[in-house]
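Undergrad: Dropping a prediction and its sequence here:
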Amino acid sequence: MAPMGIRLSPLGVAVFCLLGLGVLYHLYSGFLAGRFSLFGLGGEPGGGAAGPAASADGGTVDLREMLAVSVLAAVRGGEEVRRVRESNVLHEKSKGKTREGADDKMTSGDVLSNRKMFYLLKTAFPSVQINTEEHVDASDQEVILWDRKIPEDILKEIATPQEVPAESVTVWIDPLDATQEYTEDLRKYVTTMVCVAVNGKPVLGVIHKPFSEYTAWAMVDGGSNVKARTSYNEKTPRIVVSRSHSGMVKQVALQTFGNQTTIIPAGGAGYKVLALLDVPDKSQEKADLYIHVTYIKKWDICAGNAILKALGGHMTTLSGEEISYTGSDGIEGGLLASIRMNHQALVRKLPDLEKTGHK
Ligand SMILES: Nc1ncnc2c1ncn2[C@@H]1O[C@H](COP(=O)(O)O)[C@@H](OP(=O)(O)O)[C@H]1O
Ligand SMILES: [Mg+2]
């Protein structure tokens, strides 16, 4: 008999103890998971020489560090892209059809680049949302460490860390842009891309050309290693458009700007954004505008959007709406990209695609 006349049943005590243990486990499991994942990744809790740059339970991330890792990821992914292309064993297959009925292709270059890029970013920033074009196999986890070094050119442009809440960040990875052209061995069009959006707004972008080893990066209100050209032809622009997902883009361009307009068909959304900029790469064509009329995915366009925005340019739907880089993967309203032009005046010039049936 217990004091005060209350009798304790041994079974009741055992259940009570188990419940208590359960609560304690629940409270501490997040903390322990964070510690163990740090060890699993080879990093040291509390900030070691290598490992995650953000705590596993959220907190903040430094956009300058994210830029350094994004550049590294694009370069490492690009090495895979090049290696597979040079081996000539692409293991090309179709993931299905686009809405317009074209093959949505994938190769070993896409898969291996995706793996490198995804795990580099995921290991450094375990708490951020990463959306990537290719499927990531969880059983195939690879731990790729970032040495936590920020390259000199980034430090020179961006003097201080740029902290943002980890939960506000969405990363978009395109491990191999212009897959169609890659399979045709049209190497100059191929890029690897990383984009970081904060609250859906594109904030930093990296576009890397694996075959000429050129990398463009920029951060909105931060800095860049690339700039706009000094002049653009707004009246009779050279317009860069898709060569493999063109839809009615040529008709739209000629109808809007007249028959004197030069149309440059090219592969890859990354390549087409670089065509608007002052890029030293010899294989890069130059254009004044980039127009796309069919459906397109956010990993294809986010990095270019961030770079253009950082340099004072614009990328919007054809009706001039800003694109939000959260939520769904794709955008429906086409694409207009320009720099050093009156973007809204260009939007007003374009026909309403819904009405003209040019979609
Ligand atoms: N209608 C469409 N549906 C799906 N993806 C499209 C598309 N139009 C363009 N894209 C994708 O956007 C990128 C640029 O296209 P394009 O070279 O035709 O301008 C390519 O990305 P990937 O090569 O990464 O798949 C392409 O697959
Ligand atoms: Mg792409």
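TA: In hand now; what should we look at? Residues are numbered from 1 along each chain as shown. Ligands and ions are numbered 1, 2, ... in the order given.
Undergrad: What residues does Ile158 make contact with?
TA: Counting by CB atoms under 8 Å, 6 or more residues apart in numbering, Ile158 touches Arg64, Leu67, Met219, Gly222, Gly223. C-beta here means a position set from N, CA and C on the backbone, and glycine is covered the same way.
Undergrad: Neighbour-wise, give me the winner out of those residues.
TA: Using other CB atoms under 10 Å as the neighbour criterion, Leu67 leads the contacts of Ile158 with 27 neighbours.
Undergrad: What pLDDT is listed against Gly270?
TA: For Gly270, the pLDDT comes out at 98.
Undergrad: ok, now Val15?
TA: Confidence score, pLDDT, at Val15: 56.
Undergrad: Same check on the one 3 residues further on?
TA: Reading off the per-residue confidence, Leu18 sits at a pLDDT of 57.
Undergrad: dump the residue contacts of Gln284.
TA: By CB under 8 Å, 6+ apart, the contact list for Gln284 reads Lys188, Tyr214, Tyr271, Leu274, Ala275.
Undergrad: Which two among those residues are spaced furthest apart?
TA: Greatest spacing in these, by CB to CB: Tyr214 and Ala275 (13.0 Å).
Undergrad: and the chain, which residues reach ligand 1?
TA: Counting by CB under 6 Å from any ligand atom, the chain comes close to ligand 1 at 98-100, 133, 174, 177-179, 242, 244-245, 267-269, 294-297, 300.
Undergrad: can you do 8 Å?
TA: Listed as neighbours of ligand 1 in the chain under the rule CB under 8 Å from any ligand atom: 98-100, 102, 104-105, 110, 133, 174, 176-182, 189, 241-247, 266-269, 271-272, 292, 294-297, 299-301, 330.
Undergrad: Buried ones among those?
TA: The neighbour count (16 or more other CB atoms under 10 Å) marks 105, 110, 133, 174, 176-182, 189, 241-247, 266-269, 271-272, 292, 294-297, 299-301 as buried among these.
Undergrad: What about those, which are in helices?
TA: Asp110, Thr179, Gln180, Glu181, Tyr182, Ala269, Tyr271, Lys272, Trp299, Asp300, Ile301 (DSSP state H).
Undergrad: who touches the residue of the stretch 51-200 of the chain at minimum distance from ligand 2 in this structure?
TA: Residue nearest to ligand 2 within the stretch 51-200 of the chain: Asp177 (3.5 Å; CB to the ion). Neighbouring residues of Asp177 by CB under 8 Å, 6+ apart: Val190, Thr191, Thr192, Met193, Gly268, Ala269, Gly270, Tyr271, Asp300.
Undergrad: if we go to 6 Å?
TA: Shown in contact with Asp177 (CB atoms under 6 Å, 6 or more residues apart in numbering): Thr191, Met193, Gly268, Ala269, Gly270.
Undergrad: likewise Phe118?
TA: By CB under 6 Å, 6+ apart, the neighbours of Phe118 are Thr132, Val136.
Undergrad: Likewise for the one 10 residues further on?
TA: For Val128, the set of contacting residues under the criterion of CB under 6 Å, 6+ apart consists of Ala166, Val169, Val171.
Undergrad: I'd like these laid out as a markdown table, including distance to ligand 2 and pLDDT.
TA: Compiled in a markdown table, the contacts of Val128 are given as follows (distance: CB to the ion, whole Å; pLDDT from 0 to 100):
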| residue | distance to ligand 2 | pLDDT |
| --- | --- | --- |
| Ala166 | 26 | 98 |
| Val169 | 21 | 98 |
| Val171 | 15 | 98 |
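Undergrad: possible to save these as JSON lines with secondary structure and neighbour count?
TA: Shown next, in JSON lines, are those (DSSP: H, G, I helix; E, B strand; the rest coil; neighbours: other CB atoms under 10 Å):
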{"residue": "Ala166", "secondary structure": "helix", "neighbour count": "19"}
{"residue": "Val169", "secondary structure": "strand", "neighbour count": "23"}
{"residue": "Val171", "secondary structure": "strand", "neighbour count": "27"}
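Undergrad: Please state the offset of stretch 310-327 from the chain centre?
TA: Relative to the centre of its chain, stretch 310-327 is centred 14 Å away, using CA atoms, centre = their mean, to the nearest Å.
Undergrad: Now do the contacts for Ala73.
TA: For Ala73, counting by CB under 6 Å, 6+ apart, the contacting residues are Met117, Leu120, Leu121, Val194.
Undergrad: redo that, cut-off 10 Å
TA: 113, 116-122, 124, 144, 146, 171, 173, 175, 192-194, 206, 208 (CB atoms under 10 Å, 6 or more residues apart in numbering).
Undergrad: Kindly list the main-chain dihedrals of the residue nearest to the spatial centre of the chain?
TA: Residue closest to the average C-alpha location in the chain (CA atoms, centre = their mean): Trp172, at 2.8 Å. Phi and psi for Trp172, reported as degrees, to the nearest 10, are phi -120, psi 130.
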